[in-house]
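Engineer: Mind folding the following:
(one chain, ligands or ions: 1)
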Amino acid sequence: MNETINLMKRHRSVRSYRPELVPRAHVRAAIEAGQAASTSSAVQAYCIIHVTSDDERQRLVELTGGQAKVAACGAFFVICGDTRRHRLAADRTEAAYDVRLEAFLVATIDASLFAQNVALAFESMGYGICYIGGLRNSLSEVDAMLGLPEGVYPLYGLCVGVPATSTEMPPRPRLPIEAVLFEDRYPADDAMRSLMDAYDEMYSAYLRKRGAEPGAWSSAMSRMHREPRRGDLAAYYASKGAVLG
Ligand SMILES: Cc1cc2nc3c(=O)[nH]c(=O)nc-3n(C[C@H](O)[C@H](O)[C@H](O)COP(=O)(O)O)c2cc1C
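Structural biologist: Take a look at the predicted model:
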């Protein structure tokens, strides 16, 4: 189609990296590309923290559930929703700062559009990336380590670096487009179930090819959503001044 689309379709998460650091010039170029993403009414309710200390990265390995790549990759970042500047703007004009769930959603959406642009920019430079949701295992500890003020809260991490192996694993297959692109109306559950059946077979074959335990995508989703995960998130985000209701 074109080079940008080809790059996007080659994406796969990279979990093993060579030790070279990502030069600061590359970091700045990717972040500036990220900032070019659309942002709700230009609120730009995000920030990204480049964690450069070896000790802190080692500590983050523990805080993300033992994910060694957090210390081993060429650069590690924490992506945050950031409403701090809006609070400062309100203070400056002595106006009230009175928000609801919308402000939290806007920050989360803006931060994710920004982050994905950053990730894509790094991939366009030949780096591999992996998002780290495991950061939400220990938000209070991550928050204390980074010294985050009220209004700033981590959403996830991002590993970036030179992939350790050049062996091209095929990208992880996605749902058939018919399961996500609908014209005018949402499909009936039966139609969706048969698309899921087809995808389950494709997904299991992909895992087998990777040398992993084969298994259907539906079974993995069912296992994942059997019980609540990270049940303390609302309390943490509320403690940072987010209004969740
Ligand atoms: C917000 C987010 C958090 C993620 N957290 C982790 C993580 O903590 N550890 C990890 O190894 N992969 C993580 N991933 C990567 C996903 O597992 C991966 O994107 C998904 O399985 C699809 O595979 P692919 O990216 O190789 O296509 C995360 C992805 C996203 C978008």
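Engineer: so where's this structure uncertain?
Structural biologist: The model of the chain has pLDDT under 70 over residues 166-168.
Engineer: residues from the chain in reach of the ligand?
Structural biologist: Listed as neighbours of the ligand in the chain under the rule CB under 6 Å from any ligand atom: 11-13, 15, 67, 130-134, 156, 171-172. C-beta coordinates here come from the backbone N, C-alpha and C atoms, glycine included.
Engineer: Looking at neighbours, which among these is most surrounded?
Structural biologist: I132 (23 neighbours; other CB atoms under 10 Å).
Engineer: what sits against that one?
Structural biologist: T64, Q67, V70, Y156, G157, L158, C159 (CB atoms under 8 Å, 6 or more residues apart in numbering).
Engineer: Could you rerun that using 6 Å?
Structural biologist: T64, Y156, G157 (CB atoms under 6 Å, 6 or more residues apart in numbering).
Engineer: Then V70?
Structural biologist: V70 touches L60, V61, T64, F76, counting by CB under 6 Å, 6+ apart.
Engineer: Assign the first one to helix, strand or coil.
Structural biologist: In terms of secondary structure, L60 is helix; the call rests on DSSP: H, G, I helix; E, B strand; the rest coil.
Engineer: cool, the last one as well?
Structural biologist: Under three-state DSSP, F76 falls in the strand class.
Engineer: ok, now how distant is the residue lying closest to it once chain neighbours are set aside from A198?
Structural biologist: Of all residues not flanking F76 in the chain, V51 sits nearest, at 5.0 Å (CB to CB, 6 or more residues apart in numbering). V51 sits 41 Å away from A198, going by CB to CB, to the nearest Å.
Engineer: what does A71 give?
Structural biologist: 40 Å.
Engineer: More neighbours: which of those two?
Structural biologist: More crowded of A71 and A198, by other CB under 10 Å: A71, with 20 against 13.
Engineer: So for the more buried one, what's the nearest residue that isn't a sequence neighbour?
Structural biologist: A71 sits nearest to R57 (CB to CB, 6+ apart), 4.3 Å away.
Engineer: Torsion angles phi and psi at the one you found?
Structural biologist: Main-chain torsions, R57, degrees, to the nearest 10: phi -70, psi -40.
Engineer: Could you give me the buried positions within the helix of greatest length in the chain?
Structural biologist: Scanning the chain for the helix with the most residues, using DSSP state H, yields helix 101-124. Applying a neighbour-count criterion of 16 or more other CB atoms under 10 Å, the buried positions in helix 101-124 are 103-104, 106-123.
Engineer: State the separation between stretch 232-240 and the centre of the chain it belongs to.
Structural biologist: Computed by CA atoms, centre = their mean, to the nearest Å, the chain-centroid distance of stretch 232-240 equals 19 Å.
Engineer: Give me the contacts around it.
Structural biologist: Contacts for stretch 232-240 (CB under 6 Å, 6+ apart): L139, Y153, L244.
Engineer: Please identify the helix or strand for G66.
Structural biologist: Using DSSP states H and E, no element contains G66; it sits outside every helix and strand.
Engineer: Hmm, I typed the wrong one, I wanted A238.
Structural biologist: helix 233-239.
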